[in-house]
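K.L.:
The sequence isn't on hand, but the structure is:
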Ligand SMILES: Cc1ncc(COP(=O)(O)O)c(C=O)c1O
């Protein structure tokens, strides 16, 4: 007999991520012995630098196997502040304006917990990483998607922000370079958005986890504008920039009042980030050799990006259109000439060409007709996968 359960109705508003569903199918196929070229993951194909592991091992052996400080060790807070000054040019007080978190996703969670009240409007570009919307929904925010169409370089036309504004608007969520498109706006655009946020008294929550992965000019942090710091909340992590996705360590940088709330959210959800991981993170953020390691990874992604662009020129396929990403490690391939849903394209590419990808519709309605392909895979896989994709598309 079915027993009725009283559950949180907010979860009915959240769709199971198509990314996870595709990943499950890919795993099942692999388990059955099928050889799949996996270009679906958002995880660096590089190992964590061994020097970072040595620091963690040493910390473990020295006895850092108990609870640690919820805010973060002072040396990690200081390392984070010096990273923010070095890379973004923004000074933060390590004692009051930074919180160490369980990865970027937890930084985003504590940020949204700290500022959202039920029913607040949260403006989020479409397409964007599904967690940005899902988390806001779980916290009873009212998510409004702001179209960021391909025709505008996947940046919302400015008037779309103005159109979406209501008396309930509280937060703008940004993620540049973007997952899935790799796009980021100009300095002038961000300045205008900051001015807009100031006039309408809005928070800007800026997820900058791909901030160190760019191919042209370094993207500007949303906090790096005159007066911006007081209304901007930076979400970041070591996952992508230091190939440390499994370590689960990140940080939030924000005005003291936000950090005070976020600290309570952290204390009452995870207690603290594991102490030996905090020590490894402090080392990673500051050691010069590790910064070079990040630069080397960036160069490898740039090489693979060039490889795809060269292949796209050589193969001259008109059924899949390729735009060069500005940052992150994804291509958002345009399959709109095929007039098929992006889910169908991914399912068929998996079954008929053995390539794992993510449907663009997982990122919002503006992603329909697009497919996300990562270059966080070996050069061989990127080349073989892209060739198979084009070969398949030509047959449609
Ligand atoms: C835009 C964006 N933010 C945050 C994250 C999660 O980062 P972390 O592994 O540090 O939690 C991801 C992971 O894919 C992401 O794409």
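P.N.:
Thanks, I have it. Values in this document were obtained by computation on a predicted structure and should not be read as measured data.
K.L.:
what residues does the stretch 1-150 of the chain put near the ligand?
P.N.:
Selection of the stretch 1-150 of the chain residues close to the ligand by CB under 6 Å from any ligand atom yields 42, 103, 104, 105, 129. Just so you know, the C-beta spots here come from the backbone N, C-alpha and C atoms, and that holds for glycine as well.
K.L.:
Show me which residues of the helix or strand residue 262 falls within are buried.
P.N.:
Element membership of residue 262 [criterion: DSSP states H and E] is helix 256-267. Using 16 or more other CB atoms under 10 Å as the test for burial, helix 256-267 gives 258, 259, 261, 262, 263, 265, 266.
K.L.:
How about residues contacting that helix?
P.N.:
With contacts defined as CB atoms under 8 Å, 6 or more residues apart in numbering, helix 256-267 is touched by 70-71, 93, 96-99, 101-102, 106, 109-111, 113-115, 233, 252, 254, 272.
K.L.:
Can you select the buried ones from the residues you listed in PyMOL?
P.N.:
A single PyMOL command selects the buried members of those (16+ other CB under 10 Å):
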select buried, resi 70+71+96+97+98+99+101+102+106+109+110+111+113+114+115+233+252+254+272
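K.L.:
Looking at the contacts of helix 256-267, which are in strands?
P.N.:
The strands, defined by DSSP state E, take in 98, 99, 101, 233, 252 from the contacts of helix 256-267.
K.L.:
Would you mind giving these as CSV with pLDDT added?
P.N.:
Shown next, in CSV, are the ones in strands among the contacts of helix 256-267 (pLDDT from 0 to 100):
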residue, pLDDT
98, 98
99, 98
101, 98
233, 98
252, 98
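K.L.:
The ligand: which of those is nearest?
P.N.:
Nearest to the ligand among the ones in strands among the contacts of helix 256-267: residue 101, at 8.4 Å, using CB to the nearest ligand atom.
K.L.:
tell me the contacts of the closest one?
P.N.:
Contacts here follow CB under 8 Å, 6+ apart; on that basis residue 101 touches 107, 110, 237, 249, 250, 251, 252, 262, 266, 273.
K.L.:
Would you mind pulling up the elements that the lowest-mean-pLDDT helix or strand in the chain packs against?
P.N.:
Least confident element among the helices and strands of the chain, by mean pLDDT, DSSP states H and E: helix 18-31 (a mean of 82). Under the contact criterion of 3 or more CB pairs under 8 Å, 6 or more residues apart in numbering; DSSP states H and E, helix 18-31 touches helix 342-353, strand 355-356, strand 358-359.
K.L.:
The longest one - contacts with which helices or strands?
P.N.:
By that I understand helix 342-353. Against helix 342-353 (3+ CB pairs under 8 Å, 6+ apart) you get helix 18-31, strand 358-359, strand 370-374, helix 379-394.
K.L.:
how does it look with 10 Å?
P.N.:
Using 3 or more CB pairs under 10 Å, 6 or more residues apart in numbering; DSSP states H and E, the elements in contact with helix 342-353 are helix 18-31, strand 37-38, strand 355-356, strand 358-359, strand 370-374, helix 379-394.
K.L.:
distance between the first one and the chain's centre?
P.N.:
In terms of CA atoms, centre = their mean, to the nearest Å, the centre of helix 18-31 is set 20 Å apart from its chain centre.
K.L.:
before we move on, what about the longest one?
P.N.:
The offset between the C-alpha centroid of helix 379-394 and the centroid of the whole chain comes to 25 Å, using CA atoms, centre = their mean.
K.L.:
If you compare the directions of that helix and strand 370-374, what angle comes out?
P.N.:
With axes from the mean of the first three to the mean of the last three CA atoms, to 10 degrees applied, the angle from helix 379-394 to strand 370-374 works out at 160 degrees.
K.L.:
List the buried residues in helix 379-394.
P.N.:
Residues 381, 382, 383, 384, 385, 386, 387, 388, 389, 390, 392, 393 are the ones in helix 379-394 that count as buried (16+ other CB under 10 Å).
K.L.:
Contacts only, for the last one.
P.N.:
Right, the one you point to is residue 393. Contacts for residue 393 (CB atoms under 10 Å, 6 or more residues apart in numbering) come out as 315, 317-320, 333, 335, 337-338, 340, 345, 349, 353.
K.L.:
Find the nearest non-adjacent residue to it, please.
P.N.:
Among residues not flanking residue 393 along the chain, residue 319 sits closest, at 4.1 Å (CB to CB, 6 or more residues apart in numbering).
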